[in-house]
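1. sequence and predicted structure, then a few things I'm wondering about:
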Amino acid sequence: MPGKLKVKIVAGRHLPVMDRASDLTDAFVEVKFGNTTFKTDVYLKSLNPQWNSEWFKFEVDDEDLQDEPLQITVLDHDTYSANDAIGKVYIDIDPLLYSEAATVISGWFPIYDTIHGIRGEINVVVKVDLFNDLNRFRQSSCGVKFFCTTSIPKCYRAVIIHGFVEELVVNEDPEYQWIDRIRTPRASNEARQRLISLMSGELQRKIGLKVLEMRGNAVVGYLQCFDLEGESGLVVRAIGTACTLDKLSSPAAFLPACNSPSKEMKELPFNEDPNPNTHSSGPSTPLKNQTYSFSPSKSYSRQSSSSDTDLSLTPKTGMGSGSAGKEGGPFKALLRQQTQSALEQRGGSPHRFCRRREFPFFTLTAFPPGFLVHVGGVVSARSVKLLDRIHNPAFVGIMGNTRSYKLLDWNSFNSDEPETRDAWWAEIRQEIKSHAKALGCHAVVGYSESTSICEEVCILSASGTAAVLNPRFLQDGTVEGCLEQRIEENLPAGCGFCHIPYDELNMPFPAHLTYCYNCRKQKVPDVLFTTIDLPTDATVVGKGCLIQARLCRLKKKAQAEANATAISNLLPFMEYEVHTQLMNKLKLKGMNALFGLRIQITVGENMLMGLASATAVYLAALPMPGGIQIAGKTPSDGSYEQHISHMQKKISDTIAKNKELYEINPPEISEEIIGSPIPEPKQRSRLLRSQSESSDEVTELDLSHGKKDAFVLEIDDTDAMEDVHSLLTDVPPPSGFYSCNTEIMPGINNWTSEIQMFTSVRVIRLSSLNLTNQALNKNFNDLCENLLKSLYFKLRSMIPCCLCHVNFTVSLPEDELIQVTVTAVAITFDKNQALQTTKTHIEKSLQRASTDNEELLQFPLELCSDSLPSHPFPPAKEHLESARSNSGIPAAQRATSVDYSSFADRCSSWIELIKLKAQTIRRGSIKTTVTVEKASPMGEGNFRNRSAPPCANSTVGVVKMTPLSFIPGAKITKYLGIINMFFIRETTSLREEGGVSGFLHAFIAEVFAMVRAHVAALGGNAVVSYIMKQCVFMENPNKNQAQCLINVSGDAVIFVRESELEVISTQQPTANCQQSCAGGEVTT
Amino acid sequence: MTSELDIFVGNTTLIDEEVYRLWLDGYSVSDAVALRVRAGILEQTGATAAVLQSDTMDHYRTFHMLERLLHAPPKLLHQLVFQIPPSRQALLIERYYAFDEAFVREVLGKKLSKGTKKDLDDISAKTGITLKSCRRQFDNFKRVFKVVEEMRGSLADNIQQHFLFSDRLARDYAAIVFFANNRFETAKKKLQYLSFGDFAFCAELMIQNWTLGAVGEAPSKPDSQVDDMDMDLDKEFLQDLKELKVLVADKDLLDLHKSLVCTALRGKLGVFSEMEANFKNLSRGLVNVAAKLTHNKDVRDLFVDLVEKFVEPCRSDHWPLGDVRLFLNQYSVTVHSLDGFRHQALWDRYMDTLRGCLLRLYHD
């Protein structure tokens, strides 16, 4: 009996009129936890009842405390007939279970009904007395903290970052149970809400157990998702990063997490080693066999191509996977061995590293300084699956209070088990892991997973950024066996992460490398794509901007396997085009790196949609991007030539304009300093795509084009023309506006305190007459562009401001409907102060940073430097040979490195290998040349500085919401717990509620209100890392009905304005709490 | 491609003052869009018409949802669905309950009943204010009336407390409620030159001095003042006003009064001769108005009578406002010197208010 839950019902207000005769209500409350129910007295004839109940006490297991929500139902007493339900409040008591989080939940909660929405409010007080339980075999994981934030929470220090934790729980969906035919929509909705609440509680508890097993105490970057698979069930899955966090005693001291014993740093046992990659110490413990059981020839079965500077753009088709595999074999083996050894070596104590981290994945997107050593590029994998009833021997349907669903622990996964959801994910993760290895990286950061479901077809996607991490964070605090990576002296910060992690002579794919424009010691790629946030120490030039690639593809309606085959066939082309678009738009902006890249592929009945969003920046360390050149088909007549040259001019103008707009003016440096760029055969950029049996297109560097104007768009048909046009249709945001999809806007550092989080939803209906790919693309493009324009217009009063964390979600609810949901936050910044960001300012901040580091770390700036020596390999002939013969191997586009082979493998796993036909997309082919441009060694970019000028205008009772992990101009002093809420709203009077727009508008406003109420009740005044994970909207206008499901999450926090920090900061939390309580106390 | 659904929901509810005004003015979405276009917003912001349409729709929907709460402003403060900064809440309430001068002049003093509501079409046609806006304003008056009708205590304070108005707006509404309750005639052609401000000013003075609440601070008979302290005129006081008749009925008293006033004002008044000639008429007018107030019908005609009996005669003789003030001051003060007159307190209660009103009503 390890816990006692105490609940008190204080009062209600603004209740609806339930008795038409008296225009009043006789309300009472049922309080339910688990199977125990208490009732208050009936408070007669009032819309503002004062129950002032006794303390209802529940004595429960802490396991139940974690799983079960507290359920409060407000009813209208009726003497003669059944009592009418007014509405419910579900309270997640999890925040009360950590020692440091909230101690009491107290406040006004909206009373919510799935049919009527919010109907009044109820004042509730909840407390928990926990007893210590020393049982080591316990099933609960009370005390493990959960954070949605994808960075180390602001008032904590990471002692160790353990790594990936995941879990999934499946159940039958109550909506599809037989009983649903006879029960009311309300009962069905409530069953669903309750079930999901229960499942997420259980999921969280189980993840917590895993964390405890790893000896961690927190999960950061916790992402929980629902898959509503319809008939086949309901899957709740979550991923996160297990950490051991230490609370910082003083909120002011933002110690970098790497401030661990400096002794180990000084020892630097491998300081002399020139190349960690080739370090001779073999794996001291072999990795788990299973990890490497997949055949490399399968994973890397890509087309090989000659390594000459072939200008031919014709795709190499017909390369069988077998041969590629064979050719790739030796090389792969070598690479694998290297990365493996690197992994183990970097892991310090490989034993532990490997045992614990089957998947070296991190859901974090921002890291403590020094954590991220190198970034390889984006890795992603997709898989098309047919949904079937989730076969699970232990699976039993749930009814009422009984519940039974099997924990599908994927660590215990073995091949004999029936194929289940977690086996699917296991495959995908393996794929990701192997891609990362191919990039010479032992870890994947910024990792996320998603699904898209249409009828019985499901696309599973995972993506992340391959990276090399500093091993010190990954292990227990013991110094023993800790191998330090080489630290190079006097390297400027801000470029280390750009340096290639893979071996230059054995590059996993052909890439164009140059010496880093910042330190000039290491090699860097010409473009860098990542899924993470821009590292805080990165040197950027000018400002960043949001880039989107949008794409639609029609698909024939089909059933089951045929449908899945069709989708699998389309996917590679979609990915390819999305990447082409991204690359073109990046060049058009005159920038060279993408952060926060998120590619979403959505499947519908008759089409596939692809939407990629990322924040483009100009990294000072990377070479200046070349322009875009248009090549017409030859021979051509004069007017055509004229047209081409006109287009060319337009594009060049746009690039110039963009450079000016985003203030991209990297200082010129003389070419000698840069040195000659890299061995000749390597100087080539290639966009390679291939699958097991097919290859689509090869793009190669065209050396003959000379140094400038590298990017060539060949217009050889009208489609290509359209593409070029669409490039130019993206309108830049109006002046005073910036947008990005990362946490913070590169190049803007002086945020003021005004923030406005919003959600915008648009649904368009396509006219079914002219459904061509072009028309679809245009419609979709217009939809997104108009949506953005609307946002700029709506928020114009906030200028100058920046839309941060712009998150687009596309879904295809019906045949001809496209739904786009955007959540973002607008933050104002001080324009004048931006102008003052002079060089001296930068220098100062640099200086300050470095002195800070010196004091705190005792090894100035070294952490950020990189560890790869410039000549990892002696240029041995055999290596060159192998590199040459396999130069086409991983079909990833240089740093982008999306792997196209993945679906082939995936597809084969659900039905017998769908043969992907060798197909060619003959389109505007792309030749890439990268100019060796000059850049300053120091990169006089702006150093971002998060501190905003103090601004005090906090208002009582206001709860801020933001998708970011911080609040500008304020300091987060306490994390109160995770908010994870799921709501269903249904209506049978759609027209009366203002149609679909009125219905959804009201519902989203209500969801916000409920989130804010829960945060306020916890004593908080903000939600950070807020995310709307799901917004499923279904309508049936003919029946005047609509239904919507929304799932949101975030971290409840207390923040204090920086200007108020002088006031004793410890008083603030209680003051805030009182404020919010007092704010709610007023009854009318 | 048609937009099926298009919404924007902010954590802080966005309020566009311009669109709010258009919505309050009763324009349809398309009219509002057209008006915004005409205001040049597209040029200023570089937006497209579609963006403007979507934005306007969105704001209209928000306002529509807020309207329910605006009907009981304290609800707007305590509700949890829309997070609106206090200053914006105040703006929403203030603007929602604001009214058009032209409209209020049409319904001021009329019974706030269904019958009047039916006339809104005509009012709308006459004033050029949209019917929608007329309805809102009318319903606002009626809503406030209903809430404070049965309440004790200061009318303006009650309104302020229940509707969270600014002082100014609360006082205006007090006047509207007071006029509606007492059904003062304001629509006569003679009264057309008067603004709502003029009437509101008078209403305030009357509420201060002539209602039950006015004597509430020293209640002689606390039981009798159960209801409508500020809403209804003090019946007893109105009855007592008959006593003032002696001032004109008694010829000696009237002559004495006249001579005292003339002596005091000789040389000070530009229109002295006109005053001297008209004194008896004017005095008779003012006192008779007082004496007639026992009948409800005559109470309603108070303003008509004042204009007919005092304002018009003076105006036809071109009295400057300064002279009117001097005259009225002297006229009421001199009564204290009339030994035969016993109702000094009553006279002051009547005349202080009336003097204030007349000075306000005296203009072109």
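-> Perfect, thanks for sending it.
2. which other residues reach stretch B:311-320?
-> Applying CB atoms under 8 Å, 6 or more residues apart in numbering or on different chains, the contact partners of stretch B:311-320 are B:190, B:270-271, B:274-275, B:278, B:281-282, B:285, B:324, B:327, B:358, B:361-362, B:364. Any C-beta I mention is one placed from the backbone N, CA and C, and that applies to glycine too.
3. in helices, which of those appear?
-> B:274-275, B:278, B:281-282, B:285, B:324, B:327, B:358, B:361 (DSSP state H).
4. residue ranges of the strands in the stretch 201-350 of chain B, please?
-> Using DSSP state E, counting those that start in this stretch, no strands are found in the stretch 201-350 of chain B.
5. element containing residue 21?
-> With no chain named, the answer covers chain A. Residue A:21 is part of no helix or strand when elements are defined by DSSP states H and E.
6. wait, I meant chain B there
-> Per DSSP H and E: helix B:17-24 holds residue B:21.
7. residue A:235 too?
-> Residue A:235 is part of strand A:234-247, with elements assigned from DSSP H and E.
8. tell me the buried residues in that strand?
-> Within strand A:234-247, the residues that count as buried by 16 or more other CB atoms under 10 Å in any protein chain shown are A:234-245.
9. how about those residues, which pair is most distant?
-> Maximum pairwise distance in those, criterion CB to CB, is 32.8 Å, between A:234 and A:244.
10. now whichever residue of the stretch 401-550 of chain A sits closest to chain B. Its backbone dihedrals?
-> Of the residues in the stretch 401-550 of chain A, the one nearest chain B is residue A:550, at a distance of 14.2 Å by CB to the nearest CB. Phi and psi for residue A:550, reported as degrees, to the nearest 10, are phi -130, psi 140.
11. who touches it in this structure?
-> A:581, A:609-612, A:777, A:780-781, A:784.
12. pLDDT wise, what is it at?
-> Looking at residue A:550, its pLDDT is 90.
13. for it, name its beta-bridge partners.
-> Beta-bridge partners for residue A:550, by DSSP bridges, are residue A:611.
14. count of neighbours near the residue in the stretch 801-950 of chain A positioned nearest to chain B?
-> Residue of the stretch 801-950 of chain A nearest chain B, by CB to the nearest CB: residue A:817 (6.7 Å). By the measure other CB atoms under 10 Å in any protein chain shown, the count of residues near residue A:817 is 19.
15. can you check residue B:266 too?
-> With neighbours defined by other CB under 10 Å, the count for residue B:266 comes to 10.
16. pretty sure it sits against residue B:275.
-> No - counting by CB atoms under 8 Å, residue B:266 stays clear of residue B:275, with 10.1 Å between them.
17. so what's the backbone phi/psi at residue A:4?
-> phi -120, psi 120.
18. circling back to that earlier point, and the contacts of residue A:550, which is closest to chain B?
-> Sorting those by how near they are to chain B, with CB to the nearest CB, puts residue A:780 at the top with 9.4 Å.
19. buried residues in stretch B:336-352, which are they?
-> Burial within stretch B:336-352, assessed by neighbour count using 16+ other CB under 10 Å, is assigned to B:338, B:341, B:343, B:346-347, B:349-351.
20. what is residue A:1048 paired to in the beta sheet?
-> Here residue A:1048 shows beta-bridge partners residue A:981, residue A:1028, assigned using DSSP bridges.
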